[in-house]
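# Dropping the sequence and predicted coords here.
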Amino acid sequence: MSEDRVQVKIGAAGVATVTMVRTDKHNALDQAMFEGLTKAAERLAGEQSVRAVVLHGEGKSFCSGLDVASFMSGQGGTGVLLQREDGRLANFAQRVAYDWSLVPAPVIAAIHGNCFGGGLQIALGTDIRIAAPDAKLSVMEVKWGLVPDMGITQTLPRLLPIDVAKELTFSGRIVSGTEALALGLVTRTSEDPLAAALALAEEIAQKSPDAVRAAKRLYDETWVSDDAAGALKLESELQTGLIGKPNQVAAVVAGMSGEQPIFVDPV
């Protein structure tokens, strides 16, 4: 069932496309969708040939959030969402957002239609978000008497001032893609977010995968850290791991010759 909900395709250039497929429900999150997304993230985390990932929803929306009715009618209800496997930092629900940070390659969300609640938290878990100007986004959990709990504490502080985050969370109001850009929720807007995301992914895929993966790790581990010494040390460690390696040499040769570089997959 989870394979029906989420489809993964990896192109020859190393661009992976992850598609949420539940069009009749605007890609609302039932248990199969949760499982499909976590399996997709796990798979891509181990695929050395993947150089960029595009995540999007088929049909009219990116993801309309949690399908509460499907969980209430199932065995165990919504309690399954809070279950945490031994040794895992994130619980079952949090993994669909948090696990994109465990994919070494950059992950780009293409947002259109509704992007509500859990759907927005999934998008926030990606590295870059491109939204249609008329997309609708909301931290909607307050509507159901809940708090957002799918990893938002690890994502929203990097994007918004706390007062803006509180206003959106306390009110649950819906913002357009255009307002989301002004607020900092999304990276940029495009009339065709999927095409824009794929174009960006293809551009990233042409860069050294070693350098791109190292840059993602550098920012993810240091962006909101108060440990200046540790951050500066990590810069040096990552750079040392790149200098003189085949992909770094290929980048230099290409830069000096003007020819297209040929990079090898990370080891």
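That came through fine.
# Could I get the full set of helices for the stretch 51-200 of the chain?
Along the stretch 51-200 of the chain, the stretches classed as helices by DSSP state H, counting those that start in this stretch are 68-72, 92-98, 118-124, 152-155, 162-171, 177-183, 193-205.
# Please compute how far the third one lies from its chain's middle.
In terms of Cα atoms, centre = their mean, to the nearest Å, the centre of helix 118-124 is set 8 Å apart from its chain centre.
# ok, now the last one?
What separates the centre of helix 193-205 from the centre of its chain is 14 Å, taken as Cα atoms, centre = their mean.
# now the very next helix or strand once past it: how far from the chain's centre is it?
Taking DSSP states H and E as the definition, the helix or strand that follows helix 193-205 towards the C-terminus is helix 209-222. Averaging C-alpha positions (Cα atoms, centre = their mean) puts helix 209-222 15 Å from its chain's average.
# that older thread, got the helices of the stretch 51-200 of the chain as JSON lines, with mean pLDDT and mean neighbour count columns?
Quick note: C-beta positions are derived from backbone N, CA and C, even for glycine. As requested, the helices of the stretch 51-200 of the chain are exported to JSON lines (pLDDT from 0 to 100; neighbours: other Cβ atoms under 10 Å):
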{"stretch": "helix 68-72", "mean pLDDT": "79", "mean neighbour count": "14"}
{"stretch": "helix 92-98", "mean pLDDT": "95", "mean neighbour count": "24"}
{"stretch": "helix 118-124", "mean pLDDT": "98", "mean neighbour count": "30"}
{"stretch": "helix 152-155", "mean pLDDT": "96", "mean neighbour count": "18"}
{"stretch": "helix 162-171", "mean pLDDT": "98", "mean neighbour count": "14"}
{"stretch": "helix 177-183", "mean pLDDT": "98", "mean neighbour count": "18"}
{"stretch": "helix 193-205", "mean pLDDT": "98", "mean neighbour count": "20"}
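# Looking at those, spot the one closest to His56.
Ranking the helices of the stretch 51-200 of the chain by distance to His56, with Cβ to Cβ as the measure, places helix 193-205 first at 5.3 Å.
# ok, now how distant is the residue nearest to Val21 when sequence neighbours are not counted from Pro209?
On the basis of Cβ to Cβ, 6 or more residues apart in numbering, the spatially nearest residue to Val21 that is not a chain neighbour turns out to be Glu58, at 4.9 Å. Taking Cβ to Cβ, to the nearest Å as the criterion, Glu58 is separated from Pro209 by 28 Å.
# where along the stretch 1-150 of the chain do the strands fall?
Secondary structure of the stretch 1-150 of the chain (DSSP state E, counting those that start in this stretch): strands at 6-10, 15-20, 52-57, 107-111, 114-116, 128-131, 136-138.
# could you dump those strands to a markdown table with distance to Ala97, mean neighbour count and mean pLDDT?
Compiled in a markdown table, the strands of the stretch 1-150 of the chain are given as follows (distance: least, Cβ to Cβ, whole Å; neighbours: other Cβ atoms under 10 Å; pLDDT from 0 to 100):
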| stretch | distance to Ala97 | mean neighbour count | mean pLDDT |
| --- | --- | --- | --- |
| strand 6-10 | 14 | 17 | 97 |
| strand 15-20 | 13 | 23 | 98 |
| strand 52-57 | 11 | 27 | 98 |
| strand 107-111 | 11 | 29 | 98 |
| strand 114-116 | 12 | 28 | 98 |
| strand 128-131 | 12 | 27 | 98 |
| strand 136-138 | 14 | 24 | 98 |
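# quick one: which of those is nearest Leu82?
Using Cβ to Cβ, these put strand 114-116 closest to Leu82, at 20.1 Å.
# Just confirm the residue nearest to Val21 contacts Val18, I think it does.
No: under the contact definition of Cβ atoms under 8 Å, Glu58 does not touch Val18, with a separation of 10.9 Å.
# ok so, going back, would you mind telling me which of the helices of the stretch 51-200 of the chain is nearest Val54?
Shortest separation from Val54 across those is recorded for helix 193-205, at 4.6 Å, computed as Cβ to Cβ.
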